[in-house]
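Trainee: take a look and give me a structure for this.
(chains A and B)
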2 protein chains.
Amino acid sequence: MTTADRPRLHLNAFLMSTGHHEASWRLPESDPYASTDIGHYRELARIAERGKLDSVFLADSPVLMGDPGRRPAGKLEPTVLLAALAGATERIGLIATASTSYNEPYNLARRFASLDHLSGGRAGWNIVTTAGADAARNFGLDDTPPHRERYARAAEFVDVSAELWDSWADDAVVADKERGVHADPARVRRVEHLGPYFRVEGALNVPRPPQGHPLLVQAGSSEDGKDFAARYAEAVFTAQQTLQEAVAFYQDVKRRALRLGRDPGTVKILPGIVPVIGDTEAEARDLDAELDRLIVPEYARRQLARTLRLDESALDLDAELPEGLPEEDEIEGAKSRYTLIVELARREHLTVRQLIGRLGGGRGHRTFAGTPVQIADTIEDWFGRGAADGFNVMPAVLPSGLTAFVDRVVPVLQERGLFRTEYEGTTLREHYGLARPANRFFDAPPAPLPGAGADRPA
Amino acid sequence: MTTADRPRLHLNAFLMSTGHHEASWRLPESDPYASTDIGHYRELARIAERGKLDSVFLADSPVLMGDPGRRPAGKLEPTVLLAALAGATERIGLIATASTSYNEPYNLARRFASLDHLSGGRAGWNIVTTAGADAARNFGLDDTPPHRERYARAAEFVDVSAELWDSWADDAVVADKERGVHADPARVRRVEHLGPYFRVEGALNVPRPPQGHPLLVQAGSSEDGKDFAARYAEAVFTAQQTLQEAVAFYQDVKRRALRLGRDPGTVKILPGIVPVIGDTEAEARDLDAELDRLIVPEYARRQLARTLRLDESALDLDAELPEGLPEEDEIEGAKSRYTLIVELARREHLTVRQLIGRLGGGRGHRTFAGTPVQIADTIEDWFGRGAADGFNVMPAVLPSGLTAFVDRVVPVLQERGLFRTEYEGTTLREHYGLARPANRFFDAPPAPLPGAGADRPA
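Mentor: You can find the predicted model right below:
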């Protein structure tokens, strides 16, 4: 196999204010006002594009998360922020998180269609169901709807969105100036959706997006989440602490997709990694230790107690987690993250203080501290062993950690033939090697297999 | 009074695909795909900024409006589109229309706060309640809620939004790296709103916007609409066909504002005008006639029948409107536009065909065809006689009509001292000469008048 034929991995830059480490804003180099500074995000997107990364990605939840003292808690809304970044970049994909529990399909499908148009086909939607009573209480609810119900609504939400994106044929706009016909009304179709959660009757008021549908991404790793991913997702963001767990997750999701009749290659599995990069191993470890030293343990303990549904007083900083924690199936929301944290603490016999340190960098995502070559080695290892189709790169510190990744890790991966040296396409789907979806209403169905349907009337 | 002291008028560029005339896309110069082309909108925004206009403005409704054959019906969602335009411009305001009937306050307040942050304080929100059963049916409703109920919801929506924008003190982010305190939790306040339409309990997850609140704009001219404008609006977009009606409307809204204790100068009244500009009067009239010739009367008659709640067959192209049309108070939605159309037809004894021609350019807004000086004269006349604080400029053809306005009408207004020759501030509020609103939760109340409150305990 030549270098050119090797399968390529996918890399997204997961952007978050001054970095994914909760204490990153306290470093001398960090601008603590970066989270609302468009100039900061513009710089990050351009660095990522210089590295030929597949996309920039923004997480989101419609709620003020955690203690505003702890870390930059204010966040610009992702579809709006990415629309602004579309103009600052040319090729890189733009993936925004948006909630199916607290939006209406007509509005959200339209915003993503708009983002796809104005970016020339670079939009992706990370579909989340939004756990947590705090978010629910911003939308008139007492608490978050049950996990299963949130996923049922999410599935219907995506179905309706797809119908809306397909409500215009690709060739609906005929622009016949002579006859005075702008779009062919026969090529624009009203959606007639009536389901348990939504009723939508009109056509979208945006022509079909350049990508057909924006790329669909999903980030839940619970049982419901994996089923949802297998059915809808084209990329899955996941938190995996060990190679073994990552391989199991990878195979699980691909198998579920296959059972639903999908080509497993059309579901890209992308674990999050938090690279902490140094010229030497010691330098990387020092940066990692410096960041952990800057964590205020009281904030982190409060957050951990909330995640574990415990009273803060039950967590002794210098002891292991208490016994008798609830099982995952007793938990509503962020189920898989809950299990990951408890298992990590138990497996490595971590004290609460140590656990806080491990979570401070990536909130459950795997932190790799090392030299550029060591980080490239780990990426290659996970990729080669079938644990990942690529990675969601979560620099501990921004912009410096992204700069280091792009300028020092990416070239190693490129030399090894594992990563593109130039964009080959212009759309996010092309970066991911995914086909443009057919239009369910207007495109001809694929030709039947020879002999198939012979007994059906014509 | 010197030129420098003269009151200045305000001018917005109301952008719409190939122009406000419904047949503009059929002109040889027009790009019929412009409505989804970010390059087209970027060019328009830059032309408007070159002319030092106060803002660009985008109308919106979450529905596919009218017949897609008739004119470009696809529209990018305005908050997303304006976020993209923020990066292509530096000073000009960015006003997006968004519906209070089909959004949630937490989401929408956040998007406008985000747009304000990323544009450096240039966001405005044109608050609409969205008439029409077609829109309702995209959101699970059979029909549009009653007019009064839509306005009650709109009022509560804006109240909650203002609380959300004020949920962070301006100085909440202290960024104390030494102590590890990013924002002072005592300067971030949960909203505790419980009303007939909304319950919202959290703080916004975006710090207070640069303008405090985005500029609030309103465009309804019914009785409910004028009351709403008097209470909330800082700019009112309105359709007025005659100087006399415009003066009456102007005085009416200012009087209502005064009765509510507001300084009437803080409510800017901005009628829409459709300038059709020629080197000579004849040239302007020819362009106007050419556009009207390109209208397909069948489309327009169907739309007029819908607006008038009539069967299409009731409208004879070569006769006047039939007798016995309903009164405004029997109409739900777009009330004032309904009355304007009926009165225009009756006053001028127009046939349906003539009425269609008059509406084709600006959908009820006043069309002025003439030379640059004639158009400047009319603007000065309306401004000077107290009919307007400025205008929402709706070029019949885009970009050429905006270019003509900016390059040929604006200089005349500038020479006369009626319009700025350079931006004096950086925010939309500064362009409009409006103060940044105090924070209802964190700012000190204004000092009491001498002697006031002396009998109250300290």
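
Trainee: in which helix or strand would I find whichever residue of the stretch 301-450 of chain A sits closest to chain B?
Mentor: In the stretch 301-450 of chain A, the residue that lies nearest chain B is A:R302 (11.5 Å; CB to the nearest CB). (Each C-beta comes from the backbone N, C-alpha and C, glycine too.) For A:R302, the element it lies in under DSSP states H and E is helix A:297-307.

Trainee: that helix packs against which elements?
Mentor: Helix A:297-307 is packed against helix A:335-347, helix A:352-362, with contacts defined by 3 or more CB pairs under 8 Å, 6 or more residues apart in numbering or on different chains; DSSP states H and E.

Trainee: tell me which of these sits nearest to A:R255.
Mentor: helix A:335-347 (17.1 Å; CB to CB).

Trainee: tell me which residues of that closest one are tucked away?
Mentor: Neighbour-count burial for helix A:335-347, counted by 16 or more other CB atoms under 10 Å in any protein chain shown, picks out A:335-342, A:344-345.

Trainee: now do that helix against helix A:352-362, angle only.
Mentor: Relative orientation of helix A:335-347 versus helix A:352-362 (axes from the mean of the first three to the mean of the last three CA atoms, to 10 degrees): 140 degrees.

Trainee: send me helix A:335-347 as CSV with only the CA atoms.
Mentor: The C-alpha coordinates for helix A:335-347 follow below in CSV (Å, rounded to 0.1, in the frame of the first residue of the first chain):
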residue,chain,number,x,y,z
LYS,A,335,-25.2,8.8,31.4
SER,A,336,-22.1,7.7,29.6
ARG,A,337,-20.0,10.5,31.1
TYR,A,338,-21.1,9.5,34.5
THR,A,339,-20.0,5.9,34.1
LEU,A,340,-16.7,7.0,32.6
ILE,A,341,-15.9,9.2,35.6
VAL,A,342,-16.8,6.5,38.2
GLU,A,343,-14.9,3.8,36.3
LEU,A,344,-11.8,5.9,35.9
ALA,A,345,-11.7,6.7,39.6
ARG,A,346,-12.3,3.1,40.6
ARG,A,347,-9.9,1.6,38.1
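
Trainee: report the angle between it and helix A:297-307.
Mentor: Orientation of helix A:335-347 against helix A:297-307 (the same axes, to 10 degrees) gives an angle of 120 degrees.

Trainee: helices and strands around helix A:335-347, which ones?
Mentor: So helix A:335-347, by 3+ CB pairs under 8 Å, 6+ apart, packs with helix A:297-307, helix A:352-362.

Trainee: which residues sit against it?
Mentor: A:147, A:220-222, A:225, A:239, A:241, A:304, A:307-308, A:320-321, A:325, A:328-329, A:331, A:350, A:355, A:358-359, A:363-364 (CB atoms under 8 Å, 6 or more residues apart in numbering or on different chains).

Trainee: and the helix or strand of chain A with the lowest mean pLDDT, anywhere near chain B?
Mentor: Lowest mean confidence among the helices and strands of chain A (mean pLDDT, DSSP states H and E): helix A:352-362, at a mean of 78. No - counting by CB under 8 Å from any CB of the partner chain, chain B has no neighbours in helix A:352-362; the shortest distance is 12.2 Å.

Trainee: chain center to that helix, what's the gap?
Mentor: 22 Å (CA atoms, centre = their mean, to the nearest Å).

Trainee: quick check: what element follows that helix along the chain?
Mentor: strand A:366-370.

Trainee: picking up where we left off before, so which elements touch the least confident helix or strand of chain A?
Mentor: Looks like helix A:352-362 contacts strand A:268-277, helix A:281-293, helix A:297-307, helix A:335-347 (3+ CB pairs under 8 Å, 6+ apart).

Trainee: how about that helix as PDB, C-alpha atoms only?
Mentor: C-alpha atoms of helix A:352-362 as PDB (Å, rounded to 0.1, in the frame of the first residue of the first chain):
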ATOM      1  CA  VAL A 352     -11.100  13.000  44.600                       C
ATOM      2  CA  ARG A 353      -8.200  15.500  44.300                       C
ATOM      3  CA  GLN A 354      -6.500  13.300  41.700                       C
ATOM      4  CA  LEU A 355      -9.800  12.700  39.900                       C
ATOM      5  CA  ILE A 356     -10.400  16.400  39.700                       C
ATOM      6  CA  GLY A 357      -7.000  16.800  38.200                       C
ATOM      7  CA  ARG A 358      -7.700  14.200  35.500                       C
ATOM      8  CA  LEU A 359     -11.000  15.700  34.700                       C
ATOM      9  CA  GLY A 360      -9.800  19.300  34.800                       C
ATOM     10  CA  GLY A 361      -8.100  19.000  31.400                       C
ATOM     11  CA  GLY A 362     -10.800  17.400  29.300                       C
END
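
Trainee: quick one, that helix and strand A:366-370 angle?
Mentor: 80 degrees.

Trainee: quick one, helix A:352-362 and strand A:268-277 angle?
Mentor: Using the same axes, to 10 degrees, helix A:352-362 lies at 110 degrees relative to strand A:268-277.

Trainee: count the residues that sit near the closest residue to A:D37 other than its chain neighbours.
Mentor: In space, and not counting its chain neighbours, A:D37 is closest to A:D31: 6.9 Å by CB to CB, 6 or more residues apart in numbering or on different chains. Residues near A:D31, counting by other CB atoms under 10 Å in any protein chain shown, number 16.

Trainee: so who does A:D31 touch?
Mentor: A:18, A:37, A:40 are the contacts of A:D31 under CB under 8 Å, 6+ apart.

Trainee: if we go to 10 Å?
Mentor: By CB atoms under 10 Å, 6 or more residues apart in numbering or on different chains, A:D31 lies in contact with A:17-18, A:25, A:37, A:39-40, A:72, A:398-399, B:175.

Trainee: cool, and A:P437?
Mentor: Contacts of A:P437 (CB under 10 Å, 6+ apart): A:162, A:165-166, A:211-213, A:216, A:234, A:429, A:443.
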